[in-house]
Each structure stands twice: as structure tokens, then as C-alpha cells.
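**Student:** fold the following, please.
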Amino acid sequence: MSIDRNAPIFVISVAAELAEMHPQTLRQYDRLGLVSPSRQAGRQRRYSQQDVDSLREVQRLSQEGVSLEGIKRILELEHQVAALQARVKELGAELEDAKRRELLETSRIFAAGLAGDVVSLARGQRPRPRTQAVMVWRPQQ
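**Tutor:** Coordinates of the predicted model:
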């Protein structure tokens, strides 16, 4: 059984222990908008595994000398990149579906007539039995 990384399950004391920080630091980061946990009834903070990972990233960047304002901007950009990557994936799937539909719509059907000539048939039209052979043409991709 796998736990959803975005499920808000940790209270502040557990999240602080997992991130190896003081709970007051987590409150400060929440006030600054660096890592904003979900809120339960009664305004109690609940952290997800993703939040804990973000807290560790904040700590790492802070130890490397990046200011809290710089860390906030880095996290915003990382979230933006992730959202854009997800959107690109969605658009790619939509494009593939559109290509598939277009291919089906632009397929033309040809048949051989009685005299050996080539006859174009409308989509959904069937050739007359024993008088025409059917060939399907699909444009090159």
C-alpha cells in the first residue's frame, strides 16, 4: 500500500521532526509562504510528505547561503515548471488524439469499377458486391 505524497497527514511536531527542524521554524516558513501546509478544522496545520520534502529543500538552500526571499522565488519557479510540464504532457496527448481523429476523417476510400477504372466512394458507402474491389488510402504522416 502506497501513501499519497500530497495527503496532509503529519501534524507540525511530526513534520518538524521529519524535516529535522524546530516547529517554530515551520510556522515561520508558513507565514512567509515558503511551505504552506493544509489546514484542518480549528486551523491546525497538516503537512504532507511533499511538504516535508519542500522543507528539507528550503533547509538545504538556506545552508548554501540562499536568502529566504531567494528560496521562495526558487520554489515558485519549480512549481511553475512542474505545472508547465504537466500542461505540455496534456497538450501532447490532445495533439495525438487530434492527429488520430484527423487521420480517420481524411481517409478516402477508392474502389475499382467494372471497367477497371478507379472510383472514389463516400465515407460509409459500401461498394456493390462482386463489381468493385476496395482499397483504403491514408495520407502519409
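
**Student:** enumerate the positions of the top helix by length along the chain that are buried.
**Tutor:** Ranked by residue count, the top helix of the chain under DSSP state H comes out as helix 68-106. Going by neighbour count (16 or more other C-beta atoms under 10 Å), the buried part of helix 68-106 is 71-72, 75. In short, each C-beta sits where N, CA and C put it, glycine included.

**Student:** quick one: average pLDDT of that helix?
**Tutor:** For helix 68-106, mean pLDDT is 92.

**Student:** check stretch 44-64 too.
**Tutor:** Averaged across stretch 44-64, pLDDT comes to 94.

**Student:** what does it rub up against?
**Tutor:** For stretch 44-64, contacts defined as C-beta atoms under 8 Å, 6 or more residues apart in numbering pick out 3-12, 14-15, 18-21, 26-27, 29-30, 34-35, 37-40, 68, 70-71, 74-75.

**Student:** ok, V52 to L104 distance?
**Tutor:** V52 sits 48 Å away from L104, taking C-beta to C-beta, to the nearest Å as the criterion.

**Student:** let me fix that, I meant to ask about R27.
**Tutor:** 57 Å.

**Student:** sorry, back to before: other SSEs contacting the helix or strand following the longest helix of the chain?
**Tutor:** With elements assigned by DSSP states H and E, the helix or strand that comes after helix 68-106 is strand 108-112. Using 3 or more C-beta pairs under 8 Å, 6 or more residues apart in numbering; DSSP states H and E, the elements in contact with strand 108-112 are strand 118-121, strand 133-137.

**Student:** where among those is the average confidence lowest?
**Tutor:** Per-stretch mean pLDDT for these is lowest at strand 133-137 (a mean of 57).

**Student:** neighbours of F10, how many?
**Tutor:** By the criterion of other C-beta atoms under 10 Å, F10 has 20 neighbours.

**Student:** I misspoke; the intended subject was A19.
**Tutor:** If you count neighbours by other C-beta under 10 Å, A19 ends up with 24.
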